[in-house]
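Enquirer: only geometry, no sequence info:
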């Protein structure tokens with residue numbers, strides 16, 4: 001509901017766009033430093049702090065709505081998201097490794113991504129009734145409460161360090177203590193796996209913002225759009241649940257094939273021009289892309305050696321943010337129909353597919 005709140009407060013389209021840009025830039029700038037801080041201090045503390053910063057931003061919007069409070073709120077939200085990015089993957093991976101269950105990482109993260117998607121769907125369903133019942137104030141208070149619950153969930157996550165580990169690293173590295181990217185030797189950075197994450201996650205991560213416009217262009221009425229979106233996001237949720245079984249058979253060639261099939265489904269669905277067909281095929285494509293995103297992250301986690309896991313993962317997150325921003329720019333620059341634009345951007349997946357097939 002935040003876009004409606006901004007508009008109803010009297011902000012112009014230019015002001016709203018500047019706030020979105022501030023949000024993205026804050027996330028990009030904070031990604032790597034926040035990951036480095038999590039490696040040097042505590043990943044669990046980063047996961048606790050992130051939602052609380054976001055909650056503070058939401059509270060500002062409700063209690064003092066103005067351009068500058070919105071700007072501060074988006075900056076806090078961007079910083080909060082950056083704190084969680086990288087720290088979550090690193091904490092889950094290393095705690096599973098500590099218990100000898102690191103092979104379960106794709107399945108665990110796949111279920112987490114599915115829960116995240118279902119949370120988005122539930123919030124979409126709840127937002128309308130909350131707005132009618134108590135306006136933006138109630139929506140804001142519930143949003144703050146959700147962030148506090150997220151911080152509480154982070155607080156009960158385990159975080160252990162064993163003998164011989166770095167100050168906050170569970171894979172037994174023996175480098176001297178330090179903070180930030182200096183603790184990660186550049187030669188150990190898995191460049192291929194690092195580039196694969198944004199190559200897989202960037203385009204579909206941007207296109208999901210335009211799915212309501214695509215469905216409406218296909219002929220759905222405004223009151224029907226949300227129902228078709230549920231079909232699309234049901235596909236994304238299913239993709240996360242498939243990560244565990246798929247990890248066992250989806251090697252480089254399998255991942256390349258998954259990207260090609262998903263991109264073809266996305267392009268075909270976008271060009272059909274019938275709402276149900278669009279929702280079904282785009283939902284199938286998002287299932288594949290969600291699965292591919294989890295598998296690409298799992299490949300990255302397997303490739304990381306030594307301290308600085310959260311830092312490396314945050315670099316991948318920064319790359320994804322930049323890829324999303326580039327996709328936004330390409331979407332606007334094409335100036336075509338939504339269906340044709342979706343189909344053109346789907347062709348970008350030929351690059352990571354070829355990378356997987358040609359590079360060992």
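Expert: Received the coordinates, thanks. What you are looking at is a predicted structure, and each value in this text was computed from that prediction instead of being measured.

Enquirer: Pick out the residue closest to the middle of this structure.
Expert: The chain has residue 205 as the residue nearest its centroid, 7.2 Å off, counting by C-alpha atoms, centre = their mean.

Enquirer: In contact with that one, which residues?
Expert: Shown in contact with residue 205 (C-beta atoms under 8 Å, 6 or more residues apart in numbering): 320, 323-324, 327. Where C-beta positions appear, they are placed from N, C-alpha and C, glycine not excepted.

Enquirer: how is this protein carved up into domains?
Expert: What automatic domain parsing lists as the domains of the chain is 1-105+134-158, 189-360.

Enquirer: Format those as a markdown table; extra columns: distance to residue 125 and mean pLDDT.
Expert: Converted to a markdown table, the domains of the chain look like this (distance: least, C-beta to C-beta, whole Å; pLDDT from 0 to 100):
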| stretch | distance to residue 125 | mean pLDDT |
| --- | --- | --- |
| domain 1-105+134-158 | 13 | 88 |
| domain 189-360 | 8 | 86 |
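
Enquirer: need the contact list for residue 283.
Expert: Contacts of residue 283 (C-beta under 8 Å, 6+ apart): 231-236.

Enquirer: Buried residues of stretch 49-66, list them for me.
Expert: 49-62, 65 (16 or more other C-beta atoms under 10 Å).

Enquirer: Save the domains of the chain as CSV, and put in distance to residue 116 too.
Expert: Compiled in CSV, the domains of the chain are given as follows (distance: least, C-beta to C-beta, whole Å):
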stretch, distance to residue 116
domain 1-105+134-158, 10
domain 189-360, 8
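
Enquirer: who wins for proximity to residue 118 among these?
Expert: The closest of the domains of the chain to residue 118 is domain 189-360. By C-beta to C-beta, the value is 5.7 Å.

Enquirer: circling back: now flag whichever of the contacts of residue 283 is closest to residue 73.
Expert: residue 233 (25.4 Å).

Enquirer: Of all pairs in the contacts of residue 205, which one is the farthest apart?
Expert: 320 and 327 (10.4 Å).

Enquirer: Now for the two: what residues contact both?
Expert: Common neighbours of residue 320 and residue 327 (C-beta under 8 Å, 6+ apart) are 202, 205.

Enquirer: So between those two, which is more surrounded?
Expert: A count of neighbours by other C-beta atoms under 10 Å puts residue 320 above the other of residue 320 and residue 327, at 23 against 20.

Enquirer: helix, strand or coil for the more buried one?
Expert: Classification of residue 320 using DSSP: H, G, I helix; E, B strand; the rest coil returns helix.

Enquirer: again, but for residue 100
Expert: Criterion first, three-state DSSP; result for residue 100: coil.

Enquirer: What segments of the stretch 1-150 of the chain are helices?
Expert: 2-8, 13-40, 43-63, 67-84, 87-98, 105-155 (DSSP state H, counting those that start in this stretch).

Enquirer: chain center to the fourth one: distance?
Expert: What it means is helix 67-84. 16 Å (C-alpha atoms, centre = their mean, to the nearest Å).

Enquirer: what packs against that helix?
Expert: helix 13-40, helix 43-63 (3 or more C-beta pairs under 8 Å, 6 or more residues apart in numbering; DSSP states H and E).

Enquirer: Columns distance to residue 87 on top of these, output as a markdown table?
Expert: Output for those, formatted as a markdown table (distance: least, C-beta to C-beta, whole Å):
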| stretch | distance to residue 87 |
| --- | --- |
| helix 13-40 | 4 |
| helix 43-63 | 4 |
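
Enquirer: Just give the number of residues close to the closest residue in space to residue 138 that isn't next to it in sequence.
Expert: Nearest non-adjacent residue to residue 138, counting by C-beta to C-beta, 6 or more residues apart in numbering: residue 130, 5.2 Å away. The local packing of residue 130 (other C-beta under 10 Å) involves 19 other residues.

Enquirer: who's in contact with residue 130?
Expert: Residue 130 neighbours (C-beta under 8 Å, 6+ apart): 138-139, 142.

Enquirer: Determine the three-state secondary structure at the residue nearest to the centre of the chain.
Expert: Residue 205 is classified as helix under three-state DSSP.

Enquirer: count of neighbours near residue 23?
Expert: Other residues close to residue 23 by other C-beta under 10 Å number 21.

Enquirer: Please report how far the residue nearest to the centre of the chain lies from residue 133.
Expert: The span separating residue 205 from residue 133 equals 32 Å under the rule C-beta to C-beta, to the nearest Å.

Enquirer: contacting residues for residue 154?
Expert: 44, 47-48, 50-51.

Enquirer: Contacts for stretch 66-76 next, please.
Expert: Counting by C-beta under 8 Å, 6+ apart, 6, 9, 11, 15, 19-20, 22-23, 26, 53-54, 56-58, 60-61 sit against stretch 66-76.

Enquirer: Also stretch 224-235?
Expert: 117, 120-121, 124, 211-212, 215-216, 220, 275-276, 278-280, 282-287, 290.

Enquirer: Buried members of those into ChimeraX, please.
Expert: This is the ChimeraX syntax for the buried subset of these, where burial follows 16+ other C-beta under 10 Å:
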select :117,121,211,212,215,216,220,275,278,279,280,282,283,284,285,286,287,290
